[in-house]
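> this one's structure only:
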């Protein structure tokens, strides 16, 4: 799922520095995501210039998870799945991807038949399994209440002592990074830079045991 804020939005806003319950992301309606994918606004995600965050995620996944089962929240058209299979040897049986955009999911299931990729709004729907790793690749900041999403993810979809990988581009997400570091133990991080100069931060957190 793409996460670039829509026009007029400037990243996360925080009304409280406590537990993050008032930290707001930049949500968009499902119709907006579908329209953006149909218009080709996210076609550049498959370009060589945008490979840097995917490769960083692959390296960190391999280093900290190995071959464990993972949930990709906001999987879009499945590009991260492709990179993981090509660069880490990920078995398709280890992967589950969900995204709110119908068009993105149709593209992903057509490209990767048989892989567990489904249309699901993680904000209001559940994924009924636990995983060794959950990945938010440019998606956590898209939810209206990222703190509640992390609560749900930790409670319902992560084993104790498992791993959370978060990737975000730009410099406007300081409040969300602080929220993550208050809740989880930072294990590793990488900065990634695309050929077009765009930058990402990718961090690995350990869930409390």
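Yep, that arrived. Since the model is a prediction, treat every value here as computed from it, not as a measurement.

> could you list the low-confidence segments of the chain?
1-49 (pLDDT under 70).

> nearest the geometric middle of it, what residue?
residue 136 (1.8 Å; CA atoms, centre = their mean).

> shouldn't that one be in contact with residue 166?
Yes - counting by CB atoms under 8 Å, residue 136 does reach residue 166; the two are 4.9 Å apart. Any C-beta I mention is one placed from the backbone N, CA and C, and that applies to glycine too.

> strands of this protein, start to end?
For the chain, the strands defined by DSSP state E occupy 13-14, 23-24, 70-73, 95-99, 116-119, 131-137, 158-169, 185-193, 199-206.

> so what strands line up beside the fourth one?
Right, strand 95-99. strand 70-73 (parallel), strand 116-119 (parallel) (DSSP bridges).

> so how far is residue 76 from the residue nearest to residue 81 when sequence neighbours are not counted?
Among residues not flanking residue 81 along the chain, residue 95 sits closest, at 5.6 Å (CB to CB, 6 or more residues apart in numbering). Residue 95 is 14 Å from residue 76, where distance means CB to CB, to the nearest Å.

> for these two, indicate the residue with more neighbours.
Using other CB atoms under 10 Å as the criterion, residue 95 and residue 76 rank with residue 76 on top: 28 against 22.

> tally of neighbours for the nearest residue to the more buried one once chain neighbours are set aside?
Distances taken as CB to CB, 6+ apart put residue 104 closest to residue 76, at 4.8 Å, once the chain neighbours are dropped. Neighbourhood size, residue 104 [other CB under 10 Å]: 27.

> I'd say residue 104 and residue 77 touch.
Yes - at 4.9 Å, residue 104 and residue 77 qualify as touching, with contact defined as CB under 8 Å.

> where along this protein do the helices fall?
30-38, 51-64, 79-88, 102-111, 146-157, 174-183 (DSSP state H).

> could you dump those to CSV with distance to residue 208?
Listed next are those as CSV, based on distance: least, CB to CB, whole Å:
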stretch, distance to residue 208
helix 30-38, 32
helix 51-64, 16
helix 79-88, 25
helix 102-111, 32
helix 146-157, 8
helix 174-183, 8
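
> of all those, which one is nearest residue 70?
helix 51-64 (7.1 Å; CB to CB).

> for that closest one, what is the distance to the chain centroid?
Offset of helix 51-64 from its chain centre (CA atoms, centre = their mean, to the nearest Å): 13 Å.

> likewise stretch 116-131?
Computed by CA atoms, centre = their mean, the chain-centroid distance of stretch 116-131 equals 13 Å.

> mind checking the end-to-end distance for that stretch?
14 Å (CA to CA, to the nearest Å).

> ok, residues contacting it?
27, 30, 68-71, 73-75, 78, 81, 92, 95-102, 105, 108-109, 143-144, 149, 152, 156-159, 162 (CB atoms under 8 Å, 6 or more residues apart in numbering).

> can you say which of these are buried?
27, 69-71, 73-75, 78, 81, 95-101, 105, 108-109, 143, 149, 152, 157-158, 162 (16 or more other CB atoms under 10 Å).

> tell me the bridge partners for the residue nearest to residue 81.
Beta bridges link residue 95 to residue 70 when assigned by DSSP bridges.

> how close does it sit to residue 65?
12 Å.

> just residue 190 next, same as before
From residue 190 over to residue 65 (counting by CB to CB), the distance is 15 Å.
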